[in-house]
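> attaching a predicted model along with its sequence, questions to come.
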Amino acid sequence: MAYKIYTKTGDKGKTSLFGGTRLFKDDIRIEAYGTVDELNSFIGLLISELEVLDMEGLELQRIQNTLFDIGSQLSVAPDKREQFNLPMPTDLDITALEHAIDRMNDELPELKNFILPGGSRASATCHICRTVCRRAERRMVSIQRLGEEIDAVLIRYMNRLSDYLFVLSRYIIHRQGGKEILWKK
């Protein structure tokens, strides 16, 4: 018999964290890793929008893997983390994002105005990713403010990732020969 995807254990509004702790599906921790999952899905869409899987696509695939690591960290109750050897992003992952931002920025014109999301489908998708990333970051901060421990590298990574996605949106427009849409007061 094939594995069944449905378990019916969530039919009453609760779900399990990795390790068995049950929480309501609207718990801030579930919201946080659900938002990371949503971001990962949108990055998959972004990759499919890129004409060729070049350096940016490969970077985005690495980012997807790191987001999966972050989701796994968020999906474990703090009192059960030591039981599992789950992957964790490091400062090297953040540095990699910073190097990618600098590499792309070196080719871009100086930013003198606010820009509106758009210009191309791929660039607009970057902005969707950026805003979902910021929401995931806010959810992690909410967990922290509620007194639960969140490793600081997770929040730093998400903060830097949103910067990366903003610069990537500009870089895509630039490489496509398009024009950024400037905000008009």
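Done, it's in. Residues are numbered from 1 along each chain as shown.

> residue boundaries of the strands in this structure?
Using DSSP state E, the strands of the chain run over 14-16, 22-24, 115-116, 181-182.

> the last one packs against which elements?
Under the contact definition 3 or more C-beta pairs under 8 Å, 6 or more residues apart in numbering; DSSP states H and E, strand 181-182 sits against strand 115-116. C-beta coordinates here come from the backbone N, C-alpha and C atoms, glycine included.

> now do the strand it packs on, average pLDDT.
Strand 115-116 carries an average pLDDT of 92.

> got the contact list for it?
170, 180, 181, 182, 183 (C-beta atoms under 8 Å, 6 or more residues apart in numbering).

> just give me the neighbour total for the second one.
It refers to residue 180. Residues contacting residue 180 under the criterion other C-beta atoms under 10 Å number 19.

> count of neighbours near the residue lying closest to it once chain neighbours are set aside?
Distance criterion C-beta to C-beta, 6 or more residues apart in numbering; nearest residue to residue 180, sequence neighbours excluded, is residue 115 at 4.6 Å. Other residues lying near residue 115 total 19 when counted by other C-beta under 10 Å.

> likewise for residue 101?
Other residues lying near residue 101 total 19 when counted by other C-beta under 10 Å.

> how about residue 69?
19.

> okay, the nearest residue to it once chain neighbours are set aside: pLDDT?
The shortest distance from residue 69 to any residue other than its chain neighbours is 4.2 Å, reached at residue 87 (C-beta to C-beta, 6+ apart). On pLDDT, residue 87 comes in at 89.

> follow-up on the earlier one: okay, the contacts of strand 115-116 in JSON lines with distance to residue 62 and pLDDT next?
Below are the contacts of strand 115-116 laid out as JSON lines (distance: C-beta to C-beta, whole Å; pLDDT from 0 to 100):
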{"residue": "170", "distance to residue 62": "20", "pLDDT": "96"}
{"residue": "180", "distance to residue 62": "26", "pLDDT": "91"}
{"residue": "181", "distance to residue 62": "29", "pLDDT": "90"}
{"residue": "182", "distance to residue 62": "32", "pLDDT": "89"}
{"residue": "183", "distance to residue 62": "32", "pLDDT": "92"}
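
> of those residues, just the buried ones, PyMOL syntax please.
In PyMOL, this line selects whichever of the contacts of strand 115-116 come out buried by 16 or more other C-beta atoms under 10 Å:
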select buried, resi 170+180+181
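
> save the contacts of strand 115-116 as a markdown table, and put in distance to residue 43 too.
Below are those laid out as a markdown table (distance: C-beta to C-beta, whole Å):
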| residue | distance to residue 43 |
| --- | --- |
| 170 | 17 |
| 180 | 21 |
| 181 | 22 |
| 182 | 26 |
| 183 | 25 |
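
> understood, closing this out.
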